[in-house]
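[1] model the following, please.
(2 chains)
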Protein chains: 2
Amino acid sequence: MALRDVAAAERNDEGISAVLGILRQRFGERFQTGASIREQHGHTTTYIPNQMPDGVVFPENVEEVQEIVRACAAHRVPIIPFGTGTSLEGQVNAPGGGISLDMSRMNRILAVNAEDLDCVVEPGVTREELNTHLRDTGLFFPIDPGANASLGGMASTRASGTNAVRYGTMRENVLALTAVTADGRAITTASRARKSSAGYDLTRLLVGSEGTLGIITSLTLKLYGIPQAISGGVCPFPSVEAACNAVIMTIQMGIPIARIELANGLQMRAINQYSHLDYPESPCLFVEFHGSEAGVAEQAETFGEIATEYGGGPFLWTGVAEERAKLWKARHDAYWASLTLRPGAKGLSTDVCVPISRLAECIAETEADIARTGLIAPIVGHVGDGNFHTLVLMDTNEPKEIEQAEEFVGRLNMRAIAMGGTCTGEHGVGQGKKGFLRHELGEAVDVMRSIKTALDPLDILNPGKVLPG
Amino acid sequence: MALRDVAAAERNDEGISAVLGILRQRFGERFQTGASIREQHGHTTTYIPNQMPDGVVFPENVEEVQEIVRACAAHRVPIIPFGTGTSLEGQVNAPGGGISLDMSRMNRILAVNAEDLDCVVEPGVTREELNTHLRDTGLFFPIDPGANASLGGMASTRASGTNAVRYGTMRENVLALTAVTADGRAITTASRARKSSAGYDLTRLLVGSEGTLGIITSLTLKLYGIPQAISGGVCPFPSVEAACNAVIMTIQMGIPIARIELANGLQMRAINQYSHLDYPESPCLFVEFHGSEAGVAEQAETFGEIATEYGGGPFLWTGVAEERAKLWKARHDAYWASLTLRPGAKGLSTDVCVPISRLAECIAETEADIARTGLIAPIVGHVGDGNFHTLVLMDTNEPKEIEQAEEFVGRLNMRAIAMGGTCTGEHGVGQGKKGFLRHELGEAVDVMRSIKTALDPLDILNPGKVLPG
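    Prediction:
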């Protein structure tokens, strides 16, 4: 099972050279070809090898994006949109070279429509920048993938994170997009209406397409009122299965839980060590409730009763902001905490998502596989959605370790697919998961390819990503 | 402004004749060509003229759908999928003749996964059949467009209805589909995972495509726990504007309202007359809350306070099921009630949806237009989403009345588009709204056309619908 497909593509050196000349002349200092900036725009956040672009351009508006795309189209040169570079599956690599389109200067917040609970932003705005800007409005944008990613990048990978169980993913929270097509047209996919039956859903088609069908130039996003009250806590369980059963019951009872995150025993040990805490080192659920004062208290109490029913507890919860912040900092630091389990190692993150009825089984089989393979790989999960990550810690100087880790990931992905799930809940396909797409979706992949060919016949938009060759 | 495009298309008589022969031989009694059944499968629920197909076939499984599609593809004959025929924009008409694919025998519920809160159904299952089947599970499927439509049809038009403000539309509630493509392949668009970043979102591409990109053969749908408690009531307001402002505040405060429906003064008069009730004949909001006992009481009280703030009230609410049923029956009967305002008239339903900040203004301008034009046209709205309908009552024997009504609808649609909204919130495009799509979405329509051509190069899947020529 080949985990990733990072084969270098054939280079169109003549075309690239022509485009470099055009962009240098047109964009001056806003076009860079130094080795370090190019390397930084290839893939750097994972162990996937870096494949750097030939140049990096920093457009400032839609017209400039159109100009760049037209130049690249005329010379058949790849264009790779770049947000903050925090994607995990090689999405910003340039296997055949080409131009990295760095959107960081398109970072204006164009409108906040408080009455409509929406806003319009350029793709380079990060989620933290947006929430800082919204601070005085009483509104917030909930999607939180951990990294302070750009909103364009988050839309491109269909990102989500800890509170998708309540607020959905980027799929549910992008109302409309503007985008530049492969031939340089600027399109608007939808109006600002909350719902619409006006033609094909191009918004959702572009969300998750990782820059392969069009280049996002603005996003209309749903916003939410900051909840009147928030409560949260940590609850230990005797087993992953017990914790998963508590999750299922919580959701089935319609408790509008805002976050429900699992960390397994090893992960809790890492968290305790890293953050100097003394949580029980058994599987734990980190939970959060949003609502009215009375509502969140009721939710927390009902959850506590469910936990007890499945042998969990004690469930200690709090409405005090500082205590909650500490709790979620510990959860958010899980990645860094994990790395301390094996100093010097690099982490390979997995991202399967299964129907929740299969979650306990999938995690148990995966833990057994980890033990059998002798890996160090803690588990955290957005378990309300059936999504969990392992972080396989490996010495990337040891090819055998990489191979072993990749084989493990292959088994994990196929296990999730066999259980009616997906190889990627929120990280996207990039180069890393292309080999699994056909296993998961069969001939639907050919339909995707037909769409790609129709919308990008020259294959210049982020080529070599998402679709298997 | 041409409201609808129902121009008869060129007929491929030779191909149609060949396919009629093939289907007759293959399907026997399950293939019908009688005039009355053909007429019943053309468009009958609105004033849009009926364009009947040449034959109606009743497949019982995916393989039969594939067989029929392959026969039609071989002879370039149109195929028009048919659910219950309750669509409103000419979606099931056959402007160039062809075969109506009646899905009513594909009406099995294939799986109910209670722990996962999902189910898998064939497209001919109606929403009431599904909810009857679910009765003992404590679960329900919320989307309610009024008519007892088929779930395949509801997905095809991206339907919603009174409780979309809480539960979303078909866009948010279809997890995955199986479909037959124009060349007869059977594809599965997604796994049963709650979220996924695995490639292009073919699920959402097919939802709302009105049978023009593929024929839905099964749907995986989200289910919800039946709320522990439900409360609801009716609240009068001094003006549409006051009612709309109360809606905005209710949503902005994060009250998880399940339904919030507006009826204007004329509509209330019709409801009172038809259902022998004595509601105030000023603009009213019909509201419903879902949650725990304490939760719904808290929500109802907070809403009552908001209503008072905007000059509304008294807000009388109840948790008693029989009283709520009576209230919602009155709301659901609004269509029939409206028809009694002008006995013998036919209704032309409109379907604009605007950002909620523009809703009061849009309704006020529309009421003024109605008065100026001298139409009888009550208004109801799913105002939590910014979506409202007028039902223009007209004597269809008077061409001048039809023309006047169509001009009114044209102005209304353009008004909504100018306010950042859409000409169709939930009814779809069909033949009726094709003329507005380019006004609303510009060059995005060309991208839609590219996708249509890529996936259905022979233009046999419900031709003449959705996309303007």
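[2] contacts only, for the closest residue to chain B within the stretch 1-150 of chain A.
    Residue nearest to chain B within the stretch 1-150 of chain A: A:E115 (3.9 Å; C-beta to the nearest C-beta). C-beta here means a position set from N, CA and C on the backbone, and glycine is covered the same way. Counting by C-beta atoms under 8 Å, 6 or more residues apart in numbering or on different chains, A:E115 makes contact with B:I248, B:Q252, B:P355, B:I356, B:S357.
[3] cutoff 7 Å now
    By C-beta atoms under 7 Å, 6 or more residues apart in numbering or on different chains, the contact set of A:E115 is B:I248, B:I356, B:S357.
[4] pLDDT at the last one, what is it?
    When you say that, I think you mean B:S357. The predicted structure scores B:S357 at 96 on the pLDDT scale.
[5] which non-adjacent residue is nearest it?
    Nearest-residue entry for B:S357: A:E115, 3.9 Å, with adjacent residues in sequence omitted and distances by C-beta to C-beta, 6 or more residues apart in numbering or on different chains.
[6] the second one now?
    For B:I356, ignoring the flanking residues on the chain, the nearest one in space by C-beta to C-beta, 6+ apart is B:G386 at 4.5 Å.
[7] could you pull up the residues touching that neighbour?
    By C-beta under 7 Å, 6+ apart, the contact list for B:G386 reads A:A193, A:R194, B:C353, B:V354, B:P355, B:I356, B:L359, B:G421.
[8] can you tell me how far the first one is from chain B?
    The one in question is A:A193. Using C-beta to the nearest C-beta, to the nearest Å, A:A193 is found at 4 Å from chain B.
[9] what score does that residue have for pLDDT?
    Per-residue confidence (pLDDT) for A:A193: 98.
[10] is it true that it touches B:C353?
    Yes. Look at A:A193 against B:C353 with C-beta atoms under 7 Å: they come within range, at 4.2 Å.
[11] next, show the common contact partners of those two.
    With C-beta under 7 Å, 6+ apart, A:A193 and B:C353 have common neighbours B:G386, B:G421, B:T422, B:G425.
[12] now stretch A:166-182: mean pLDDT?
    Rounded mean pLDDT across stretch A:166-182 is 98.
[13] wait, A:C72 sits on A:V19?
    Yes. A:C72 sits in contact with A:V19 when judged by C-beta under 7 Å, with a separation of 5.8 Å.
[14] element containing the residue of the stretch 201-350 of chain A found nearest chain B, please.
    When scored by C-beta to the nearest C-beta, the stretch 201-350 of chain A has A:R204 as its residue closest to chain B, at 3.5 Å. In the assignment (DSSP states H and E), A:R204 maps to helix A:202-206.
[15] by contact count, what packs against that helix?
    The helices and strands touching helix A:202-206, judged by 3 or more C-beta pairs under 7 Å, 6 or more residues apart in numbering or on different chains; DSSP states H and E, are strand A:174-180, helix B:444-455.
[16] just the ones you listed: most buried one?
    strand A:174-180 (a mean of 25; mean count of other C-beta atoms under 10 Å in any protein chain shown).
[17] who does it pair up with?
    Strand A:174-180 has the following strand partners under DSSP bridges: strand A:186-188 (antiparallel), strand A:215-222 (antiparallel).
[18] contacts for that strand, please.
    Residues from elsewhere that reach strand A:174-180, judged by C-beta under 7 Å, 6+ apart: A:62, A:65-66, A:69, A:118, A:155, A:186-192, A:203, A:206-207, A:214-222.
[19] from the middle of its chain, how far away would it be?
    18 Å (C-alpha atoms, centre = their mean, to the nearest Å).
[20] likewise for stretch A:167-187?
    That offset, for stretch A:167-187, works out to 16 Å (C-alpha atoms, centre = their mean).
[21] okay, how far is it across it, tip to tip?
    For stretch A:167-187, the separation between the terminal residues is 27 Å (C-alpha to C-alpha, to the nearest Å).
[22] same check on stretch A:105-119?
    The straight-line separation of the ends of stretch A:105-119 (C-alpha to C-alpha) is 18 Å.
[23] can you give me the buried ones in that stretch?
    Buried residues in stretch A:105-119, counting neighbours by 16 or more other C-beta atoms under 10 Å in any protein chain shown, are found at A:M106, A:N107, A:V112, A:N113, A:A114, A:E115, A:D116, A:L117, A:D118, A:C119.
[24] so can I have CSV of the residues you listed showing pLDDT and distance to A:V180?
    Shown next, in CSV, are the buried residues of stretch A:105-119 (pLDDT from 0 to 100; distance: C-beta to C-beta, whole Å):
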residue, pLDDT, distance to A:V180
A:M106, 98, 11
A:N107, 98, 17
A:V112, 98, 24
A:N113, 97, 24
A:A114, 95, 29
A:E115, 95, 30
A:D116, 96, 25
A:L117, 96, 27
A:D118, 98, 22
A:C119, 98, 21
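[25] cool, thanks, signing off.
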